[in-house]
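**Student:** 3D model of this:
(one chain, ligands or ions: 2)
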Amino acid sequence: MSNREFTVANEYHYNRSSPIRWIVSHALRYKPFVASFMLASIITNTFYATVPILTGAAFTAVLQGAAGRSQLLQIALLILGVVLVGGVVDLSARLSTEILGKRLATDARDELYVNLLGKSQTFHNRQRVGDIMACAANDMNRLSDMIVPGVDSIFDSFTSLFITITFIGLLDPQLLLAPLLYTLVFVIALWDYSRKLQPVSDNMREQFGKMNSVLTEAVSGIEVVKSTAQESQEQGKFEKNAKRYRDFFIQNGEIQARYLPPLLLVVALTGAFLHGLYLVSHNQLSVGNLVAYMGLMNIIRFPTFISIWSFNLVQLGIAGAGRILTILKEETELDENEGGYSGEMHGDIVFENVTFSYGDTPVLKNISFHAEPGQTVAIVGQTGAGKSTLTRLVNRIYDVDEGRILIDGVDVRSWSMDALRSQVSTIEQDIFLFSRSITDNIAYGLGQKADATAIEQAAHDAQAHDFILNFKDGYKTVIGERGVTLSGGQRQRIAIARALLTDPRILILDDSTSAIDSATEDEIQKAIRRLLEGRTTLLITHRLSQIRWADKILVLRKGMLIDQGTHAELLERCELYRRIFIHYDAKITGQLQEVPLRSASGHLLDD
Ligand SMILES: Nc1ncnc2c1ncn2[C@@H]1O[C@H](COP(=O)(O)OP(=O)(O)OP(=O)(O)O)[C@@H](O)[C@H]1O
Ligand SMILES: [Mg+2]
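**Tutor:** Ligands and ions are numbered 1, 2, ... in the order given. This next block holds a predicted model:
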C-alpha cells in the first residue's frame, strides 16, 4: 500500500503477499518462541515414545522369570523419570506457543487498527462497519486459535508421528509396514478433507460478517427501527442471515463428520497387531517388542484425532487472515504527504476552478473564490447543492478532481496532511462525540497536550461551562455512546469548545440542520461569535444574522457557484439569493433574538 493518511514511527513491516506468508512473517517476529516450541516439542515426543519401549523391556524382564524381576523397579523408576521430565519440557512448549499466539494476534490487531486509521474517508464510506467489526473481533480470534491450539497441535502431532515411526523402525524395520501404509493413506485423506473444508469455511466466515452487519446496523439505527415500528422486518432479515449461517455451519459439520482417519486407524491397528503376531509366531519378534510396538502404534492414535479440529482451526485462521489482508491491502486514495509543506497557517484560501465528484456523480463544477485571512465566508444554497462537500475539500477529506485549492498560496495536496488538518477545524452537521469524558472530548484535537485550565477556558468561551457543571461528575462526565446523553445544542457547544482549544487558523462551521430553541440559540450565537474571531471561516448556516454579516457570501446551485458578494450586493442582483434569503427569513422570524456579531476584521456587525 503506498498511500495512507497516517503512519506510526518504527512500524514493523510484514509480508502481505499472501495470507500464509503474512502469518509466517508475523510469527517470525518471535523467532525464539518458535524455536523453543519446536525444540521442546521434539524432545517431549522423543521422551514419550521411549515409554512403550520401556514397557516392552519390562515385559521381557517379567518373562525372564526371577532373574529379570530385579530390573523391574529400575524400569519403573525410569518410566517415572521420563514422564516427569517430558511433562516439564512439554509445559515449556505449550507456554511458547501460547505467548506466540497471543502476541501474534495483538500485533495483527495493531496492524489493522493503524491501517484503518490511515485509510481515506472514501474507503470508510464504502466499507460496512459490521464487516470491519467482524474482522477485528472474530478473524483476530481465529488467528490466535489457529496458532494455539491449531498449528501447535498439528506440529506436535506430526513430530510425534515421525518420531514414533522412527522408533518402530529401530525396533524392527519389518514393523514399518503398517504405520507407513497408514501414514500414506492418512495424509491423502487429510488433504482431501481440507480441500473440501476450505470453501465451506470461507462461506461460513463471509456469512458471519453479513449477519453481523445487519445486527450492527439495526442496533446503531435502533431509533429509526423503533420509531418506524420495523422490528419484525429487521428480525426477518436477521433470521434469514442467521439461517444461512447455520446452513454453512451444518455443511461444515457434515464435512467434519466424514473425516476418515479414525476409521483408517482402527484398520491400521488391527493390521499391525496381526502382522506383529505373525512375526512373533515365526520367532522373528519377541513378545516384549510386540508390546512395545503396540504401545507405539497407540501413540499414533493421537495425531489422528487431534487433527480433526486443528486442521479446521487452521483453515478458519487462514480464511480469516485472508479477509484481514483484503482490508489491509485495500488501496486508499489520499496520501499524508509526510514531507510536505508544514508552515504556520495564515488562513488565505483560494479555490481555482475546482471540480469534484463522488465516483461518477458530479457534485461541484468549476468553483473559484478567494477568502482572505480572517474573513468569514458564508455558503448558501439549497440542500444537496454541495455546500458540505465544498468544505470537505479544504482539509482534504476528499481531493479535487480538477483545479486546485491553495492555502497561503500552497496547494493543499502539497501540505503535509498533519499540518493541514491540525490547523483546520471542522464543526460538522452531525457532531460525533466519543464515549469518553467531556474533558477528553474537548481535548480531543490536542491529544494529551491539553491542560485542565485551558479546557475549562474553552468550555467557558463556548458557553458550555455552566451546563457541564450541572452534571453530577462535571467535566468527568462520560458521554454515552454517540453522545446520546447530550442535547443537540449541548453537543454543539462541546464541539465549539473543542475547536476553540485547537485554535485553528481556518474554521469550517457546517451547521445547517440545527433547530434549537431561542434561549439555547442565544448561547450558541455568543459561542460562535467568540469562535469566529480572527479566523478564516467557511460558514454554512441557516442563521440569518450570520449570513447577512459575512464578509462574502457564495451562492451555490447544483454544484455551481452562481454568484458571490456581500449581502447587499447579492440581494440586489441575485434572484436565487433573494429566494433563499426570504425562505430562511420565514423560517426563523420570531424565533431569533439577534446577537451582535463581530466580524473577523474587528468591526461590530450588527446594524
Ligand atoms: N459521501 C458521499 N458519497 C456520495 N455522494 C455524496 C456524499 N456526500 C454527499 N453526496 C452527494 O453530493 C451532493 C452534495 O451533497 P452535500 O452534502 O455537499 O450537500 P449540502 O449542500 O451540504 O446539503 P445540506 O444543506 O442538505 O447539508 C448530494 O447530491 C449528495 O447526495
Ligand atoms: Mg451539508
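
**Student:** Quick check: the gap between the closest residue in space to Asn366 that isn't next to it in sequence and Gly386.
**Tutor:** Spatially, and ignoring its direct neighbours in sequence, Asn366 is nearest to Asn353 (5.2 Å; CB to CB, 6 or more residues apart in numbering). For the C-beta atoms, the positions are set from N, CA and C on the backbone; glycine is no exception. Summarising the geometry, the distance separating Asn353 from Gly386, computed by CB to CB, to the nearest Å, is 15 Å.

**Student:** more crowded one of those two?
**Tutor:** Neighbours were tallied for Asn353 and for Gly386 using other CB atoms under 10 Å; the higher tally belongs to Gly386 (22 against 12).

**Student:** ok, now which ones touch that one?
**Tutor:** Val363, Leu364, Leu556, Lys558, Gly559 (CB atoms under 8 Å, 6 or more residues apart in numbering).

**Student:** and the lengthiest helix in the chain, how far out from the chain's middle?
**Tutor:** When secondary structure is assigned using DSSP state H, the longest helix within the chain turns out to be helix 66-118. Taking the mean of its C-alpha atoms, helix 66-118 sits 32 Å from the chain's own mean (CA atoms, centre = their mean, to the nearest Å).

**Student:** how about stretch 459-472: buried residues?
**Tutor:** Ala459, His460, Asp461, Ala462, Gln463, Ala464, His465, Phe467, Ile468, Phe471 (16 or more other CB atoms under 10 Å).

**Student:** Determine which two of those are furthest apart.
**Tutor:** Checked with CB to CB, these reach their widest spread between Asp461 and Phe471, with 18.9 Å between them.

**Student:** shaky segments in the stretch 301-450 of the chain?
**Tutor:** Counting by pLDDT under 70, the stretch 301-450 of the chain contains low-confidence residues at 306-308, 448.

**Student:** For the residue nearest the centre of the chain, which residues are in contact?
**Tutor:** In the chain, the residue lying closest to the centroid (CA atoms, centre = their mean) is Ala136, at 4.4 Å. Ala136 is in contact with Arg109, Leu112, Tyr113, counting by CB under 8 Å, 6+ apart.

**Student:** Can you tell me which of these has the most neighbours?
**Tutor:** Taking other CB under 10 Å as the neighbour criterion, Leu112 ranks highest of the contacts of Ala136 with 19 neighbours.

**Student:** and the gap between that residue and ligand 1?
**Tutor:** Look at Leu112 and ligand 1: by CB to the nearest ligand atom, to the nearest Å, they are 23 Å apart.

**Student:** Give the buried residues for stretch 260-269.
**Tutor:** Within stretch 260-269, the residues that qualify as buried are Pro261, Leu264, Leu265, Ala268, Leu269, counting by 16+ other CB under 10 Å.

**Student:** Which pLDDT value belongs to the second one?
**Tutor:** In this case it means Leu264. According to the model's per-residue confidence, Leu264 sits at a pLDDT of 88.

**Student:** Now do the contacts for it.
**Tutor:** Counted by CB under 8 Å, 6+ apart, Leu264 has contacts Tyr182, Val185, Phe186, Ala189, Thr304.

**Student:** Checking my notes, Pro504 in a strand, right?
**Tutor:** No: residue assignment for Pro504, taken from DSSP: H, G, I helix; E, B strand; the rest coil, gives coil, which places it outside any strand.

**Student:** So what's the residue count around it?
**Tutor:** By other CB under 10 Å, the residues close to Pro504 number 23.

**Student:** I figured it was touching Leu420, is that so?
**Tutor:** No: at 10.5 Å, Pro504 does not count as touching Leu420 under the criterion of CB atoms under 8 Å.

**Student:** anything in contact with each of the two?
**Tutor:** Taking CB under 8 Å, 6+ apart as the contact rule, Pro504 and Leu420 touch no residue in common.

**Student:** picking that back up, do you know the pLDDT at the residue nearest to the centre of the chain?
**Tutor:** Reported pLDDT at Ala136 in the predicted model: 85.

**Student:** The one 5 residues further on too?
**Tutor:** Looking at Asn141, its pLDDT reads 88.

**Student:** Cheers, nothing more for now.
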